[in-house]
Structure formats: C-alpha cells, structure tokens
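> give me coordinates for this.
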Amino acid sequence: MNATILSMTIVLNLTAIVIAAVVGFVAGAEAYHLILGGILKKCLAMENERRKDKNEQTKDC
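Numbering: from 1, shown residues only. Okay, the predicted model is just below:
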C-alpha cells in the first residue's frame with residue numbers, strides 16, 4: 001500500500017513539474033515576443049520618420 005501511494009505521489013509531482021515547465025516556457029516565449037515586437041515597432045517608426053524627412057528634403061530642392 002505504501003509503495004502505491006509513493007508511486008502515485010511521484011507521478012503527481014512529476015506531472016506538476018512538467019506542467020510548470022510548459023507554463024513557464026509559454027510565458028517566457030510570450031514575454032520575448034512582446035519585447036521583440038516593441039523593439040520592432042520602434043525601429044519601424046524611426047525608419048518611417050527618417051524616410052519622411054528624406055522625402056521632404058528632396059522636395060525642397
């Protein structure tokens with residue numbers, strides 16, 4: 001009886017560890033995605049601003 005309880009406890013603990021690892025991985029990937037998305041948006045905005053300035057300079061000539 002004790003062996004059955006022990007094996008069930010080990011299985012439940014391993015299951016909890018696997019679930020925690022998957023949740024942590026997904027949360028980390030989402031955070032990484034949000035950070036990279038923010039950086040990309042900022043870079044694109046800067047590039048658009050630079051192009052707009054360049055177009056305005058060429059119109060003045």
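
> all helices for this structure, in order.
Under the criterion DSSP state H, helices of the chain are mapped to 2-60.

> so, low pLDDT: which residues of it?
For the chain, the stretches flagged by pLDDT under 70 are 59-61.

> now stretch 36-56, how far from the chain's geometric center?
22 Å (C-alpha atoms, centre = their mean, to the nearest Å).

> show me which residues of that stretch are buried.
Of all the residues in stretch 36-56, not one is buried under the rule 16 or more other C-beta atoms under 10 Å. In short, each C-beta sits where N, CA and C put it, glycine included.

> ok, residues contacting that stretch?
Taking contacts as C-beta atoms under 8 Å, 6 or more residues apart in numbering, no residue outside stretch 36-56 touches it.

> for that stretch, C-alpha coordinates in CSV please.
Only the C-alpha atoms of stretch 36-56 are listed here, as CSV (Å, rounded to 0.1, in the frame of the first residue of the first chain):
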residue,chain,number,x,y,z
LEU,A,36,10.8,41.9,-29.7
GLY,A,37,7.5,43.3,-31.1
GLY,A,38,8.0,46.5,-29.2
ILE,A,39,11.6,46.9,-30.4
LEU,A,40,10.5,46.2,-34.0
LYS,A,41,7.7,48.7,-33.8
LYS,A,42,10.1,51.4,-32.5
CYS,A,43,12.6,50.6,-35.3
LEU,A,44,9.9,50.8,-38.0
ALA,A,45,8.6,54.1,-36.6
MET,A,46,12.1,55.5,-36.7
GLU,A,47,12.7,54.3,-40.2
ASN,A,48,9.4,55.8,-41.4
GLU,A,49,10.3,59.1,-39.8
ARG,A,50,13.8,59.0,-41.4
ARG,A,51,12.2,58.3,-44.8
LYS,A,52,9.6,61.0,-44.4
ASP,A,53,12.4,63.5,-43.5
LYS,A,54,14.4,62.4,-46.5
ASN,A,55,11.4,62.8,-48.9
GLU,A,56,10.7,66.3,-47.5
